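1. How does the following fold in three dimensions:
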Amino acid sequence: MKPSIAPVRWTPPPADTTRNAVKIDVTTVAVPGHGPEDTLIDEDGNVLTGLEDGRILRVSADGTAISTLADTGGRPLGLEWLPDGKVLVCDTNRGLLTLDKDGRLTTLLSAIDGRPMRFCNNAAVAPDGTIYFTDSSTRFGFEHWKADLLEHSATGSIYRLTPDGAVTQLATNRAFPNGVALSADHQTLYWAETASYAVYKLDLTAVSPEPELFAYVPGLPDNISRGSDNLIWVTVASPRNTLL
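-> Numbers count the residues shown, from 1 in each chain. Next up, the predicted model:
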């Protein structure tokens, strides 16, 4: 059943119309399924990614061999390495999962204060195992993500999960928080807000940190990551949409 929406009026930030295209060489590797989302590189150069049907694939470095590591039975989005070598999986339906080298899936966190996560999306992991993650919406699940963007009710949150199991809400009332990344010194947290065309940051050293605007982007930001150059790389899923 399609959900009903109650759109909230908002004023989008101005868009920078300056676009400087750079020609790069890109190789496309087809995978046996739809919706490859996040990517994770292992020590051998293989690429891990999750699909809409719940499978987590491993693609060889040269793209010639593809195998299935696990099936979450849900919708895996963000993937990150944990300090113990396991893979952290953000599954929209099941929450935070871990995947070990033998293909075993274990639920790490499925609910917050008794409320099942509706849209566990992406994460970043600190060296001590602390996990920062987004729950994009309490109104709509993955199958109706467009409704959340149209409504713009900003029900998403950013959380911290420490190794002792404590969960802290770091920011709330966010407009579809999505990709997450940590600065090189792990003192600043960045996240993309898809519905507000922006990337925000949070000073993790502050006693009561408040979200700060880091940058506006020309479209709808999705996953973000800190590169080996320590820059925050932002994927733009699509251009801006005047309907929003």
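2. which element follows the helix or strand harbouring residue 145 toward the C-terminus?
-> Assigned by DSSP states H and E, residue 145 belongs to helix 145-151. Counting by DSSP H and E, the next helix or strand C-terminal to helix 145-151 is strand 156-161.
3. Against residue 100, how distant is the residue nearest the centre of the chain?
-> Residue closest to the mean C-alpha point of the chain, counted by C-alpha atoms, centre = their mean, is residue 122 at 2.6 Å. Distance, residue 122 to residue 100, using C-beta to C-beta, to the nearest Å: 21 Å. C-beta here means a position set from N, CA and C on the backbone, and glycine is covered the same way.
4. and what of residue 182?
-> 23 Å.
5. Looking at these two, which is more packed in?
-> Neighbour totals were compared for residue 182 and residue 100, and residue 182 leads with 20 against 15 (other C-beta atoms under 10 Å).
6. any idea whether the closest residue to that one other than its chain neighbours is helix, strand or coil?
-> Residue nearest to residue 182 in three dimensions, not counting chain neighbours: residue 124, with 4.7 Å by C-beta to C-beta, 6 or more residues apart in numbering. Here residue 124 is strand, with the state taken from DSSP: H, G, I helix; E, B strand; the rest coil.
7. count of residues packed around the closest residue to residue 116 other than its chain neighbours?
-> Nearest non-adjacent residue to residue 116, counting by C-beta to C-beta, 6+ apart: residue 110, 6.1 Å away. Using other C-beta under 10 Å, residue 110 is surrounded by 14 other residues.
8. what's the distance between residue 110 and residue 92?
-> Residue 110 is 12 Å from residue 92, by C-beta to C-beta.
9. Find residues that contact each of those two.
-> Residues touching both residue 110 and residue 92 (C-beta atoms under 8 Å, 6 or more residues apart in numbering) are residue 117.
10. any idea how far stretch 211-227 is from the chain center?
-> 11 Å (C-alpha atoms, centre = their mean, to the nearest Å).
11. For it, buried residues please.
-> Across stretch 211-227, burial judged by 16 or more other C-beta atoms under 10 Å covers 211, 214, 217, 219-225.
12. Could you list which of those residues belong to strands?
-> 214, 219-225 (DSSP state E).
13. Turn those into JSON lines, including distance to residue 187.
-> Below are those laid out as JSON lines (distance: C-beta to C-beta, whole Å):
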{"residue": "214", "distance to residue 187": "14"}
{"residue": "219", "distance to residue 187": "28"}
{"residue": "220", "distance to residue 187": "28"}
{"residue": "221", "distance to residue 187": "22"}
{"residue": "222", "distance to residue 187": "24"}
{"residue": "223", "distance to residue 187": "22"}
{"residue": "224", "distance to residue 187": "17"}
{"residue": "225", "distance to residue 187": "17"}
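14. Lowest pLDDT pick from those?
-> For these, the weakest pLDDT value sits at residue 219, with 92.
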